[in-house]
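[1] Give me a 3D structure for the following:
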Amino acid sequence: MYLNKAMIYGNLTRDPENKALPSGMSVCSFSLATNRVYNDRDGKRQESVDYHNIVVFGKQAEICAKYLSKGSSTYVEGRLQTRSWEKDGVKQYRTEIVAERVQFGPKVSGAGSGSQNTTATDNRESALPDYPEETINPEDIPF
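    Next up, the predicted model:
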């Protein structure tokens with residue numbers, strides 16, 4: 001059995017680019033940056049960034065192009081694929097993640113306002129149902 005699965009969560013480094021194939025199918029491409037923090041041999045904290053090329057097809061591509069923008073947090077699940085082509089006699093390669101699932105992170109508001117997280121939390125809290133104040137007797141549960 002073989003496995004080709006990629007799962008990453010990061011921030012878009014540029015706005016998505018949406019194009020159409022000759023067949024009419026939409027193709028959206030964008031890049032995600034992921035950060036890694038670690039301690040080196042001397043115990044100093046280091047940070048490294050990796051950049052990942054993402055390609056999305058079909059209806060999901062249209063949705064990504066419409067709702068994602070530079071800086072958006074996004075989770076992508078898909079498979080790794082390496083394409084090659086020749087340009088000016090030199091063989092070029094590009095490894096990308098072909099997305100099977102894209103999940104948007106929290107919406108980012110402009111100008112770096114810190115109130116966005118509070119608003120998202122408040123909306124989640126207000127969506128919770130009102131639970132009764134009295135305690136529930138386990139013997140009253142019918143199963």
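[2] which SS state does residue 71 fall under?
    Three-state call for residue 71 (DSSP: H, G, I helix; E, B strand; the rest coil): coil.
[3] which phi and psi does it have?
    Residue 71 adopts backbone torsions of phi 90, psi -10, taken as degrees, to the nearest 10.
[4] close enough to count as contact, it and residue 14?
    No: between residue 71 and residue 14 there is no contact under C-beta atoms under 8 Å: 9.6 Å. C-beta: built from backbone N, CA, C; applies to glycine.
[5] Between these two, which is the more surrounded one?
    residue 71 (14 against 11; other C-beta atoms under 10 Å).
[6] Endpoints of stretch 66-78, how far apart?
    20 Å (C-alpha to C-alpha, to the nearest Å).
[7] buried residues in it?
    Buried residues in stretch 66-78, counted by 16 or more other C-beta atoms under 10 Å: 68, 72-74, 76, 78.
[8] Over to stretch 47-56?
    52-56.
[9] Mind checking which of those land in strands?
    Among these, the members falling in strands (DSSP state E) are 52-56.
[10] Find the residue at the geometric middle of this protein.
    residue 74 (2.0 Å; C-alpha atoms, centre = their mean).
[11] gap between that residue and residue 34?
    Distance of residue 74 to residue 34, given as C-beta to C-beta, to the nearest Å: 11 Å.
[12] Now list whatever residues contact both of these two.
    9-10 (C-beta atoms under 8 Å, 6 or more residues apart in numbering).
[13] picking up where we left off before, and the helix or strand containing the residue nearest to the centre of the chain, average pLDDT?
    Using DSSP states H and E, the element containing residue 74 is strand 73-87. When pLDDT is averaged over strand 73-87, the result is 94.
[14] next helix or strand past it?
    Counting by DSSP H and E, what follows strand 73-87 is strand 90-104.
[15] Next, the contact list for residue 80, please.
    4, 6, 95-98.
[16] same question, residue 29
    16-17, 19, 53-56, 96.
[17] Which element, helix or strand, includes the spatially closest residue to residue 26 that is not a sequence neighbour?
    Excluding its sequence neighbours, the residue lying closest to residue 26 (C-beta to C-beta, 6 or more residues apart in numbering) is residue 61, at 4.1 Å. If you go by DSSP H and E, residue 61 is part of helix 59-67.
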